[in-house]
Structures are given as structure tokens and as C-alpha cells.
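give me a 3D structure for the following:
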Amino acid sequence: MFTKQVAIFLALVSMLILAACQPGQTDALPVTGEEDLPPAVQAVLDQVSQQFGVEVQNIEIVETEPVEWPDACLGLPEVDEACAQVVTPGFRVELRVNDQTFEFRTDESGQIIRQAP
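Model (predicted):
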């Protein structure tokens, strides 16, 4: 009886250890056009493709994360620009193009896109 309990305990501990050792999901992924991307992220890819004259497939998504920006200017006001002081949900999108990394900010719909310095 004691041996059966020890065996069950060891099996459970082994399963937990194996589950913890599984590789985690990475945010870096090449764009193949088949991902189910939020419209805002797709809008950034389309803009960057035009801006840099590269195919979307040649743009690597390094990281994306949902963010609540402090204002309608996505925390990046231009000189003398008045920004509505409302929390604006959106995304921070980090992309790699031609071995250079760029950060873009969007609103939730992707209608507003700004490149971070």
C-alpha cells in the first residue's frame, strides 16, 4: 500500500516537472499571412510594408502586447499637438525589418499608428 502511494506521488511529481520543462510560446514569429492577427497589428504590417517597400512575409513580428495608452496620441504627442486625455486601448508592436527593430503603437482598431522613437 505504501509503495503504491509513493509510486503515485512520484508519477504526479514527474508529470509536473515535465509540464514545467515544456518550451514556452514565443512572441517572435515570422509573418506568413496565415496567422489570426488582430486588425490593428495587421494594419501596422501593411503600413510598414509600404513604408519600407518590403513584402509582409519579410517582416518579423518580434513582440505584440495589448496596452492602454494614457491619451489618444498613444503617449507620443507631436510638437504642439493637443491629445484627448482619455485612456486609449491598443497595441505595442515590435517588428524587425531588414535586421532593424522598430516599435509601433496603435489604437485598438489600427486607425491610429505611430512609430516610437
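
what about Q47, neighbour count?
15 (other CB atoms under 10 Å). Where C-beta positions appear, they are placed from N, C-alpha and C, glycine not excepted.

could you number the chain from 30 rather than 1 from now on?
Let's use 30 as the start, then, which means that last one is Q76.

residue ranges with poor pLDDT in this protein?
30-64 (pLDDT under 70).

just checking: what are the partner strands of the host helix or strand of G119?
Secondary-structure assignment from DSSP states H and E places G119 in strand 117-126. Using DSSP bridges, strand 117-126 pairs in its sheet with strand 89-98 (antiparallel), strand 129-136 (antiparallel).

centre of the chain to the helix or strand just after the last one, how far?
Scanning forward in sequence from strand 129-136, with DSSP H and E defining helices and strands, the next element found is strand 142-144. Its chain's average C-alpha position is 15 Å from that of strand 142-144, according to CA atoms, centre = their mean, to the nearest Å.

please apply the same query to stretch 101-117.
Centre-to-centre, stretch 101-117 and its host chain are 22 Å apart (CA atoms, centre = their mean).

got the end-to-end distance for it?
End-to-end span of stretch 101-117 (CA to CA, to the nearest Å): 6 Å.

equivalent analysis for stretch 123-139, please.
By CA to CA, the extent of stretch 123-139 from end to end equals 15 Å.

what's it in contact with?
67-74, 76-77, 81, 83, 87-93, 96, 98, 101, 103-105, 117-122, 141-145 (CB atoms under 8 Å, 6 or more residues apart in numbering).

just the buried positions in it, please.
123-126, 131, 133-137, 139 (16 or more other CB atoms under 10 Å).

nearest to A111, of those residues?
D136 (16.6 Å; CB to CB).

separation between that closest one and G82?
25 Å (CB to CB, to the nearest Å).

how about A111?
From A111 across to G82, the span is 33 Å (CB to CB).

for T93, the count of nearby residues, please.
The burial count for T93: 20, using other CB under 10 Å.

that one - nearest residue in space that isn't next to it in sequence?
V122 (5.0 Å; CB to CB, 6 or more residues apart in numbering).
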